[in-house]
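Chemist: Predicted coordinates and the sequence they were generated for:
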Amino acid sequence: MLSVVIPTYNESLSLEPLHKELAEIAAANDYDMEIIFVDDGSIDDSWQVIERLAAKDSRVRGVRFRRNFGKSAALSAGVSHASGVLVVTLDADLQDDPHEIPHFLAALGDKYDLVSGWKRLRHDPWNKVIPSRVFNAMVSWLTGVELHDHNCGMKCYRREIFDEISLYGEMHRFIPALAAARGFRIGEIEIKHRPRRFGQSKFGVSRIVKGFLDLLTVKFLTAFGQRPQHILGSIGLLAFVIGAGIMTVLAGYWLVSRIPVFGLAPIQLHERPALLYSVALLLMGGQFLSVGILGELFISYHRPERRSYSISEKIGVDSSPKEEKS
Ligand code: UDP
Ligand code: MG
């Protein structure tokens, strides 16, 4: 069975045409498909449209958040209510073409665990396309997962990927990087992208700063998540050793210059700027080392986090979802 998961935030006008396209594709390819709309706290009548669709098509399921929790939470809730072995996610705004679904399934085959879309020809404004290029290059470089379009909303997954990565905040941008870090095989196909027909984009300029900060977090989590002391401790040790080195030289000179036989001009330590640097480095080294120890302590007592969203209603999905059993 194939589960199509659609995060939906104020997209009421797009939902019916999207459902129609999906139904056509399911019929044409003979797919056993369920369509899960996750209403991420829409304030338009998206939920009413989902209810209507569910009433006339038993393959449609719905999950409604009490308020807007963000795309990551919506994807996470959708996937945890999915019963398919394979999951396709796509945006609700009709920008992703459902006709690509057969291509995704063909590409996934036995070869990959996740196939990500690449909107080679993008129908978005330049102020979205250019930052996105830079972002993709940075993510590929820092995480080693070479994709042209990490944040493409349309992707195909083996469901078990989501048992292992937790999507919170805006981490949906890094699903391929997070999955690859756990050993899943990642592929990419080119897909057709369409301009937005109804409503407007939900992500503004602030996503550039947030995306960059999240990238630092992802790099840290994937590279040092299990051993924070390896990076923090390395920085701390380096700072400490340099600081201690400078301090030793200064103290040594101070001592030796006070012994007349060596004939050195006596120095006053407080007149040496190097003293300040050395003290700063020593303090910094101590700080990094102790934060690293805190990180290690935290990991060794780590408990699985609680859900980051709250659901108000459901249609046609299991009442005791997998996430609540864990
Ligand atoms: N979305 C969501 N919650 C949010 C923001 C967006 O579920 O808080 C959904 C939105 O309805 C759409 C998808 O995520 O289906 C992508 O959003 P959008 O089209 O605004 O992003 P863009 O294509 O402009 O990057
Ligand atoms: Mg869009």
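Modeler: Looks like it came in fine. Numbers count the residues shown, from 1 in each chain. Ligands and ions are numbered 1, 2, ... in the order given.
Chemist: Would you map the helices across the chain?
Modeler: Remark: helices assigned in the chain by DSSP state H are 12-29, 46-56, 71-80, 101-108, 126-143, 161-164, 175-181, 206-224, 228-257, 273-300, 322-325.
Chemist: quick one, which of these is packed in tightest?
Modeler: Among the helices of the chain, helix 71-80 has the highest mean neighbour count (mean count of other C-beta atoms under 10 Å), at a mean of 25. For glycine as for every other residue, the C-beta is placed from the backbone atoms N, C-alpha and C.
Chemist: That one near ligand 2 anywhere?
Modeler: No: using C-beta under 5 Å from the ion, helix 71-80 stays clear of ligand 2, coming no nearer than 10.3 Å.
Chemist: How far away from the center of its chain is that helix?
Modeler: 12 Å (C-alpha atoms, centre = their mean, to the nearest Å).
Chemist: Stretch 277-293 now?
Modeler: 30 Å.
Chemist: got a list of contacts for that stretch?
Modeler: With contact meaning C-beta atoms under 8 Å, 6 or more residues apart in numbering, stretch 277-293 is reached by 228-229, 231-233, 235-244, 246-247, 250.
Chemist: average pLDDT for it?
Modeler: In this model, stretch 277-293 has a mean pLDDT of 97.
Chemist: Likewise for stretch 255-264?
Modeler: The pLDDT scores in stretch 255-264 average 90.
Chemist: which residue is nearest the centroid of this structure?
Modeler: The chain has residue 171 as the residue nearest its centroid, 2.3 Å off, counting by C-alpha atoms, centre = their mean.
Chemist: dump the residue contacts of the nearest residue to residue 45 once chain neighbours are set aside.
Modeler: Closest residue in space to residue 45, ignoring its immediate chain neighbours: residue 12 at 5.0 Å, by C-beta to C-beta, 6 or more residues apart in numbering. If you count contacts by C-beta under 8 Å, 6+ apart, residue 12 has them with 42, 44-46, 48-49.
Chemist: Could you tell me what pLDDT the model assigned to residue 12?
Modeler: Residue 12 is given a pLDDT of 96.
Chemist: Could you report the pLDDT at the residue nearest to the centre of the chain?
Modeler: pLDDT for residue 171: 92.
Chemist: Below-threshold pLDDT in this protein: ranges please.
Modeler: Scanning the chain for pLDDT under 70 picks out 303-308, 310, 319-326.
Chemist: Out of the helices of the chain, which gets nearest to ligand 1?
Modeler: Ranking the helices of the chain by proximity to ligand 1 (C-beta to the nearest ligand atom) places helix 71-80 first, at 4.1 Å.
Chemist: Is there any residue in that closest one that contacts ligand 1?
Modeler: Yes: Helix 71-80 reaches ligand 1 (C-beta under 6 Å from any ligand atom) through 71, 74.
Chemist: list the helices and strands that helix packs on?
Modeler: The contact analysis (3 or more C-beta pairs under 8 Å, 6 or more residues apart in numbering; DSSP states H and E) places helix 71-80 against strand 2-8, strand 33-39, strand 60-65, strand 86-89, helix 161-164.
Chemist: Redo these as JSON lines? Include distance to residue 267.
Modeler: Output for the helices and strands packed on helix 71-80, formatted as JSON lines (distance: least, C-beta to C-beta, whole Å):
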{"stretch": "strand 2-8", "distance to residue 267": "66"}
{"stretch": "strand 33-39", "distance to residue 267": "69"}
{"stretch": "strand 60-65", "distance to residue 267": "67"}
{"stretch": "strand 86-89", "distance to residue 267": "67"}
{"stretch": "helix 161-164", "distance to residue 267": "59"}
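Chemist: Distance to ligand 1 for the ones you listed - can I get that in a markdown table?
Modeler: Shown next, in a markdown table, are the helices and strands packed on helix 71-80 (distance: least, C-beta to the nearest ligand atom, whole Å):
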| stretch | distance to ligand 1 |
| --- | --- |
| strand 2-8 | 3 |
| strand 33-39 | 7 |
| strand 60-65 | 9 |
| strand 86-89 | 9 |
| helix 161-164 | 16 |
